[in-house]
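# this one's sequence-less:
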């Protein structure tokens, strides 16, 4: 096959094939998810929807070189079939977008999980942002940032079913299970400071998993087999924060012989600081 090369081999670019792997879903992976998220949600015999939440981070060749101050900005997920223990799956990661907005460069990496027949199981897109210029020795994000007026977000009110998951306090043990065992800025304070943060930055995907748990609790296989999720990560979560995932049903519309619920979703700290905000949908089981 003839290759058309527009970029140097080491440059991050749209179309970059990051590679993938074939593996079995082992029960240890499911247990690690539960320990890392403090999840007790019944998944009806299936694996948690986002049990492979960090597959996109197994190979960071799609990252830009300036790691100081890099942040997870947005996350999308589409679920087509539930995952289960013992299943053989294949992952493949591709860079699908690169752009600049204000003082940050954004790279979007898409992961597709397929089964042993090539059938799509789920597709996700991770939006990572990188500072366009080196900030030097200054902190790029501090704890006061979330108090600014431009970091406050209006949440939906009015009619519509309310969804809520019990609050979860983020512990270092959860960070180790979720983002370890290798030391990184999600598990080690010194490494976090080296990248311009005052403390461990709780991996953004953890709160995304909280939202997935919220939807699994309410919709069961209606989310595990047909769910969609699109959220922005708008404030940093730190160890010790108490996070509650919530939602409000905006509308329910026909989809074939079923109905799909469209839900506004968010996560917030116990002081009301919003950390994730976005939309989701799932098929009603009723």
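The structure has been received and is ready for your questions. Bear in mind the structure is a predicted one, so any value in this text is a computation, not a measurement. Residues are numbered from 1 along each chain as shown.
# contacts, neighbours, all on C-alpha from now
Noted.
# and stretch 209-226, what's buried?
Within stretch 209-226, the residues that qualify as buried are 209-226, counting by 16 or more other C-alpha atoms under 10 Å.
# now do stretch 199-206
So stretch 199-206, judged by 16+ other C-alpha under 10 Å, has buried residues 199, 200, 201, 202, 203, 204, 205, 206.
# then stretch 125-135?
Buried residues in stretch 125-135, counted by 16+ other C-alpha under 10 Å: 125, 126, 127, 128, 129, 130, 131, 132.
# tell me the pLDDT of the fourth one.
Looking at residue 128, its pLDDT stands at 97.
# list the contacts of the lowest-mean-pLDDT helix or strand in the chain.
Among the helical and strand segments of the chain, the one scoring lowest on mean pLDDT, DSSP states H and E is helix 189-194, with a mean of 93. Under the contact criterion C-alpha atoms under 8 Å, 6 or more residues apart in numbering, helix 189-194 has outside partners 68, 183, 184, 185, 186, 198, 199, 200, 201.
# ok, for the fourth one, nearest residue in space, not its chain neighbours?
Once its chain neighbours are removed from consideration, residue 185 has its nearest residue in residue 192; the separation is 4.2 Å (C-alpha to C-alpha, 6 or more residues apart in numbering).
# closest to residue 230 out of the buried residues of stretch 125-135?
residue 125 (9.2 Å; C-alpha to C-alpha).
# doesn't the closest one belong to a helix?
No: the assignment for residue 125 by DSSP: H, G, I helix; E, B strand; the rest coil gives strand, which leaves it out of any helix.
# got a list of what it touches?
75, 76, 77, 108, 109, 110, 111.
# so which helix or strand takes in the nearest residue to it once chain neighbours are set aside?
In this structure, residue 125 finds its nearest non-sequential neighbour in residue 110, 4.4 Å apart by C-alpha to C-alpha, 6+ apart. In the assignment (DSSP states H and E), residue 110 maps to strand 104-115.
# ok, and what's touching stretch 55-74?
Here stretch 55-74 makes contact (C-alpha under 8 Å, 6+ apart) with 12, 16, 18, 91, 93, 95, 107, 109-111, 126-132, 134-135, 140-141, 194-197, 204, 230-234.
# how far does that stretch sit from its chain's centre?
13 Å (C-alpha atoms, centre = their mean, to the nearest Å).
# give me the distance between the two termini of it.
16 Å (C-alpha to C-alpha, to the nearest Å).
# span of stretch 97-117 from start to end?
Stretch 97-117 has its terminal residues 28 Å apart, counting by C-alpha to C-alpha.
# can you check stretch 233-253 too?
End-to-end distance for stretch 233-253, by C-alpha to C-alpha: 27 Å.
# with stretch 160-170 instead?
Start-to-end span of stretch 160-170 (C-alpha to C-alpha) is 29 Å.
# which parts of the protein are strands?
17-24, 71-79, 88-101, 104-115, 120-131, 162-164, 168-169, 228-233, 242-255, 258-269, 274-283 (DSSP state E).
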